[in-house]
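Chemist: Using only what follows, build the 3D model:
(one chain, ligands or ions: 1)
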Amino acid sequence: MQERKVRVRFAPSPTGALHIGGVRTALYNYLFAKRQGGDMIFRIEDTDSKRFVPGAEDYIVESLTWLGIKFDEGVGFGGSHGPYRQSERREIYRQYVDELVARGAAYYAFDTAEELEARHTVDANFQYDARTRMSMVNSLTLSSEEVKLRIERGDIYTVRFKIEPGQTITIHDMIRGEVLYKSDVLDDKVLYKSADQLPTYHLANVVDDHLMEVTHVIRGEEWLPSTPLHILLYRAFGWEETMPQFAHLPLLLKPDGKGKLSKRDGDRLNFPVFPLDWIDPATGSLSKGYREAGYFPEAVINFLALLGWNPGTEQEMFTMDELIEQFSIDRCSKAGAKFDYEKGKWFNHQYMLLKDNSALADMVIPFIEKEGIEIVADEMPFDGKHCTKAYVEKVLALIKDRMIFVQDFWANASFFFKSPEAYDEKTVAKRWKPESARQMGELLEVLEPFDFSDPVAMEEAAKAWTEANGYGMGIPMNAFRLAVVGEGKGPHIFHIVELIGKEETFRRVKRCVEVLG
Ligand code: GLU
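Modeler: Purely as a prediction, here's the structure:
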């Protein structure tokens, strides 16, 4: 067989929000294709009109764009193998369905829904296959005149795949190795429905993979049971030579307990299972997304890359380019991957630390503005109403190691922008001593000579003062923090006062003494 250019596809059905497992499938296809210098196709599998959900296609595109997963061709991306939306390929499928019938590999079936239902009632295990097909109403049991007549007068029919029993189908899965199936267990799958003149998933999927010259089908484990049928279809068409290689990715498992990760796990344990917020158009219910929860796209990519693949080294942090460089299907595991969402948060935190403070400032400024503070160009003394972007960057340098998400900013930083309005009761009870008011007065005298640009010098002076008076560093410094922050948290106190400045620090300490006495 001649070397073919690697071509993979991501082929979602627009039936709702793209699940995070689907995002991982797209990612692994992308990494594989780029590693091999190949192409990635975006195909929309919308032949099941009953399950079509408006907005789902746009949602999928927006999600993958946000994450930096790019396509070379497909719906919205151009290319020479289109159209790439299956609902626009009816005539193509029709032609291939006819070909299968002509080859004797498929047949027309006229059984009505009621008739099929009746068979199921008699026999719960009823399956339309080699054992039963000759007792059904189809082109194998009717005369050719009768078949022609029924079709011409517009009877509803399906086309079914005629699966011969007694064959063993071997899937050479790139992750799982050889997986064997017996054709005896397969039923004569419906390939086409005259009612809506559309093929089913199986036929459209195989015909398109063939026509779009797909070389590798990388998809979720849930599609493994469809693959023997797909292999038989390739054979029935005589396309064995160009049959793609298959790789079935491991399931994403619940973070706790057994079984597949579901949306309900996300609701129960409070983490998103979708890339972006999604409002179900039918019910109006909102499903939370990674983007809106404050995840960085790089963190989501890094997290997903390691859910089912490992580099074989200790390395955990990967840029997309590094992933492309190192990704290989044979380092994917067959065992399900536990969805450790705490690890997802860890990654976000790591990317937070790596982000440059100017970029991060742009992301947190909306939260500051929401609190009524205006961002201005020129530095000015603290007034609780204005600040510069440079100031925000300095604050970030001090507190970003406490943030997982940009949304954590204000809770960790409010005191850099506004004077405390109240003092946390527990901290007051613990940290404000009878001598605190007097000590704060003394501390202000100690700090008076400083312009607050040198936190190290101020700290030394404060230390010398506590030692000379035998106060011990803890008690006055805790009271000082309470006065400045309003509670017991925050970064180094002299770094805080350096930023808010001398005037504001003095104001806060004096006010605290007034209030707490
Ligand atoms: N349309 C299928 C899906 O929604 C595609 C499965 C496949 O990749 O073959 O995932």
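Chemist: from what I can see Asp408 touches Arg402, true?
Modeler: Yes. Taking contacts as C-beta atoms under 8 Å, Asp408 lies within contact range of Arg402: 7.2 Å. Bear in mind the C-beta positions are built from the backbone N, C-alpha and C, glycine included.
Chemist: Identify each of the strands in the stretch 101-250 of the chain and give its residue range.
Modeler: Assigned by DSSP state E, counting those that start in this stretch, the stretch 101-250 of the chain shows strands spanning 106-109, 158-161, 168-173, 177-182, 190-193, 198-199, 216-220, 245-249.
Chemist: could I get these as TSV with mean neighbour count, distance to Ser80 and mean pLDDT?
Modeler: As requested, the strands of the stretch 101-250 of the chain are exported to TSV (neighbours: other C-beta atoms under 10 Å; distance: least, C-beta to C-beta, whole Å; pLDDT from 0 to 100):
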stretch	mean neighbour count	distance to Ser80	mean pLDDT
strand 106-109	23	29	98
strand 158-161	24	29	98
strand 168-173	15	29	97
strand 177-182	12	34	97
strand 190-193	21	26	97
strand 198-199	23	22	95
strand 216-220	22	19	98
strand 245-249	21	23	98
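Chemist: For Ala305, give me its contacts.
Modeler: Neighbouring residues of Ala305 by C-beta atoms under 8 Å, 6 or more residues apart in numbering: Leu27, Leu31, Phe318, Leu323, Phe327.
Chemist: Which residue, other than its chain neighbours, is closest to the residue of the stretch 401-517 of the chain found nearest the ligand?
Modeler: In the stretch 401-517 of the chain, the residue that lies nearest the ligand is Phe405 (29.9 Å; C-beta to the nearest ligand atom). Nearest residue to Phe405 in three dimensions, chain neighbours excluded: Gly294, at 3.1 Å (C-beta to C-beta, 6 or more residues apart in numbering).
Chemist: Phi and psi next, for the one you found.
Modeler: With angles defined as degrees, to the nearest 10, Gly294 sits at phi 100, psi 10.
Chemist: export the contacts of Ala305 to a markdown table and tack on distance to Val190?
Modeler: As requested, the contacts of Ala305 are exported to a markdown table (distance: C-beta to C-beta, whole Å):
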| residue | distance to Val190 |
| --- | --- |
| Leu27 | 32 |
| Leu31 | 35 |
| Phe318 | 43 |
| Leu323 | 40 |
| Phe327 | 37 |
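Chemist: For PyMOL, what selects the buried ones among these?
Modeler: Entered in PyMOL, the line below selects the buried ones among the contacts of Ala305, by 16 or more other C-beta atoms under 10 Å:
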select buried, resi 27+31+318+323+327
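Chemist: Narrow the contacts of Ala305 to those in helices?
Modeler: Within those, residues falling in helices by DSSP state H are Leu27, Leu31, Leu323.
Chemist: Among these, which one sits closest to the ligand?
Modeler: The ligand lies nearest to Leu27 out of the ones in helices among the contacts of Ala305, by C-beta to the nearest ligand atom, at 13.7 Å.
Chemist: surely the closest one meets Phe303?
Modeler: No. Using C-beta under 8 Å as the test, Leu27 is too far from Phe303 to be in contact (10.3 Å).
Chemist: contacting residues for the residue of the stretch 401-517 of the chain closest to the ligand?
Modeler: By C-beta under 8 Å, 6+ apart, the contact set of Phe405 is Ala293, Gly294, Tyr295, Asn348, Met352.
Chemist: how about the residues of the stretch 201-350 of the chain near the ligand?
Modeler: Those residues of the stretch 201-350 of the chain that sit near the ligand, judged by C-beta under 6 Å from any ligand atom, are Asn205, Arg219, Trp223.
Chemist: Just give the nearest non-adjacent residue to the last one, would you?
Modeler: Spelled out, that is Trp223. His248 (6.6 Å).
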